[in-house]
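Enquirer: Can you look at this prediction? I've put the sequence above it.
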Amino acid sequence: GDDIDRIEDVLPGDDFDDDSLTNEGEYLNNTNPTDPDSDDDDLLDGDEINIHSTDPNDPDSDDDTVNDGLEIATGTDPNDPNNHLNYVSGAITANTTWDLQGSPYVLTGPVTVNSGVTLTIAPGVVVKLTGEYLDVNGTLIADGEPAQQIYFTSLNDDAAGGDTNADGNASTPAPGNWEYLRIAGDGSILDNVVVRYGGSDVNLGMINAVNSTLSVTDSVIQYSQTWGVRVANASPTISGCQVSNNDSVGIRLNASDAVIANGSISDNAGSGIQIDLASNPSISGLSLIHISEPTRPELVSRMPSSA
């Protein structure tokens, strides 16, 4: 935006790169006067100096592993290493609590809870996934409350935990945005949780209970790309839950004596509950609403044990 024809026209008050920092200011701060964002953190050099008090030469001013621009976009403090989104991947090897202060937790890679280890998730916490999965070989205690439900959802789901990926309306959540929540350890609890927009693995449900005891109560399971819940060689209790709008069967049972009670199963693309011949579940008190074409399966269907 400067009118420069000769070197004599270059003035300290000019701003070559229109970053709200004069050439003199760029010199004093050792930034690049021809690059409006010297450290590539999506913040203008001038805004870093004059508004955010961050270092225009360091993309992570507080050394908390989170880019300054992302912290500003998501409403956290780029100068406080204890105030940022929590990005999680890899193995959890010791008892761990995800508290409300640290929410939302963003899984940027597969997360495994090792055998003998408990992951506790506090009421109100939002867990967002970016195409990955949470694999629980130990114990998961996600014990929410009616007014503080715990969410397992897509990174694109701005309705839970806000615009975590800081892209405005550029992305929207959809079934299959992430893989699954797999429970293989005993004693896990999902109470007052909302699980949605997962199920990208066609061989597993969005919630997958395997060789485990699991209690799922007063929860919402919806918008899976495949089964809402898949149970194999396990006998969980699923009570008071809403299982709806999944792109396949609501609940699929393989070799399971599950207890399924109360709640509702509705508007799934396949059967409400699909049961193989090796299963002997207890089913009671359900509202089974199946709005479908006449060619769709029955509300409760049986399949061979090998299916």
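Expert: Done, it's in. In this text, all values refer to a predicted model and were calculated from it rather than measured experimentally. Numbers count the residues shown, from 1 in each chain.
Enquirer: hey, let's count contacts and neighbours off CA atoms from now on
Expert: Will do.
Enquirer: now the helices for the stretch 51-200 of the chain?
Expert: Ranges of helices in the stretch 51-200 of the chain, per DSSP state H, counting those that start in this stretch, are 68-73.
Enquirer: Strands along that one, start to end?
Expert: Secondary structure of the stretch 51-200 of the chain by DSSP state E, counting those that start in this stretch: the strands cover 86-92, 96-98, 105-113, 118-121, 126-129, 134-136, 139-143, 150-154, 181-183, 188-191, 193-196.
Enquirer: need those in JSON lines with mean pLDDT, can you?
Expert: What follows is these, written out as JSON lines (pLDDT from 0 to 100):
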{"stretch": "strand 86-92", "mean pLDDT": "92"}
{"stretch": "strand 96-98", "mean pLDDT": "98"}
{"stretch": "strand 105-113", "mean pLDDT": "94"}
{"stretch": "strand 118-121", "mean pLDDT": "98"}
{"stretch": "strand 126-129", "mean pLDDT": "96"}
{"stretch": "strand 134-136", "mean pLDDT": "97"}
{"stretch": "strand 139-143", "mean pLDDT": "98"}
{"stretch": "strand 150-154", "mean pLDDT": "98"}
{"stretch": "strand 181-183", "mean pLDDT": "97"}
{"stretch": "strand 188-191", "mean pLDDT": "98"}
{"stretch": "strand 193-196", "mean pLDDT": "98"}
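Enquirer: quick one, which of those is nearest to Asn280?
Expert: Judged by Cα to Cα, the one of the strands of the stretch 51-200 of the chain that comes nearest to Asn280 is strand 181-183, at 20.5 Å.
Enquirer: Based on its surroundings, how many neighbours for the residue lying closest to Pro56 once chain neighbours are set aside?
Expert: Nearest residue to Pro56, sequence neighbours excluded (Cα to Cα, 6 or more residues apart in numbering): Asp45, at 5.3 Å. By other Cα atoms under 10 Å, 33 other residues sit near Asp45.
Enquirer: can you give me phi and psi for Asp45?
Expert: Dihedral angles of Asp45 (phi, psi; degrees, to the nearest 10) stand at phi -50, psi -40.
Enquirer: And the next helix or strand past the host helix or strand of Ile275?
Expert: Per DSSP states H and E, Ile275 falls inside strand 273-276. Scanning forward in sequence from strand 273-276 by DSSP H and E, the next helix or strand is strand 282-284.
Enquirer: Give me the helices and strands touching that next one, please.
Expert: strand 259-261 (3 or more Cα pairs under 8 Å, 6 or more residues apart in numbering; DSSP states H and E).
Enquirer: Mind checking what helix or strand follows the strand it packs on in sequence?
Expert: Downstream of strand 259-261 (by DSSP H and E), the next one is strand 264-266.
Enquirer: Which neighbours in the sheet does that following strand have, and how are they oriented?
Expert: strand 242-244 (parallel), strand 287-289 (parallel) (DSSP bridges).
Enquirer: Give me the distance from the first one to the chain's centre.
Expert: The chain centroid and the centroid of strand 242-244 are separated by 19 Å, computed with Cα atoms, centre = their mean, to the nearest Å.
Enquirer: what's the answer for stretch 275-286, then?
Expert: 30 Å.
Enquirer: Over to stretch 89-96?
Expert: Mean-position distance between stretch 89-96 and its chain equals 17 Å (Cα atoms, centre = their mean).
Enquirer: Residues touching it, excluding its own?
Expert: 107-114, 117-120 (Cα atoms under 8 Å, 6 or more residues apart in numbering).
Enquirer: so which of those is the most crowded?
Expert: Val113 (25 neighbours).
Enquirer: residue contacts, it?
Expert: Contacts of Val113 (Cα under 8 Å, 6+ apart): 91-93, 119, 134-139.
Enquirer: Okay, and the beta partners of it?
Expert: Residues in a beta bridge with Val113, per DSSP bridges, are Ile92, Val136.
Enquirer: Next, find the distance separating it from Asn95.
Expert: 9 Å (Cα to Cα, to the nearest Å).
Enquirer: just Gly185 next, same as before
Expert: 14 Å.
Enquirer: Those two: which has the busier surroundings?
Expert: A direct count of neighbours by other Cα under 10 Å for Gly185 and Asn95 places Gly185 higher, at 24 against 14.
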